[in-house]
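Chemist: Provided below are the primary sequence and the corresponding predicted coordinates.
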Amino acid sequence: MKFIILTFFYILISGVSLKTKPKFCINCKFAINNVVNDNNKFLKCSLFTINEELNDSIFLVTGVNYISEQEPNYIYCSTARKFNNMCGKEGKMYKKNI
């Protein structure tokens, strides 16, 4: 009888742990709403900028650093969730927005 009860609780606990809530970007503190198109489909992620490696480069013709004078251009959350080296499908970089 004890074995049956312990088995039941084990199955119950295992089932609960498998049901994790998905990490939606709209609830993440790094999500930025696109001002131009106020639609949640176009959220951007403040963790990843486009051309991060170019942010400190100087334009070799004039010597001016045009990229650093501009506001950073962030990638879309949907793009960050597609690639495992970024946030990935499981939302590795997700932090709940409080």
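Modeler: Received the coordinates, thanks. Note that the structure is predicted; figures quoted are calculated from it, not measured.

Chemist: any idea how far the nearest residue to K41 once chain neighbours are set aside lies from N97?
Modeler: Closest residue to K41 apart from its sequence neighbours, by Cβ to Cβ, 6 or more residues apart in numbering: S78 at 7.8 Å. C-beta coordinates here come from the backbone N, C-alpha and C atoms, glycine included. Look at S78 and N97: by Cβ to Cβ, to the nearest Å, they are 18 Å apart.

Chemist: quick one on the thing from earlier: can you tell me the element the residue nearest to K41 falls in?
Modeler: Element membership for S78 (DSSP states H and E) is helix 77-82.

Chemist: what number of residues lie near the closest residue to K89 other than its chain neighbours?
Modeler: Nearest non-adjacent residue to K89, counting by Cβ to Cβ, 6+ apart: R81, 6.2 Å away. Using other Cβ atoms under 10 Å, R81 has 21 neighbouring residues.

Chemist: my guess is R81 contacts Y94, does it?
Modeler: No - R81 is not in contact with Y94 according to Cβ atoms under 8 Å; the separation is 9.6 Å.
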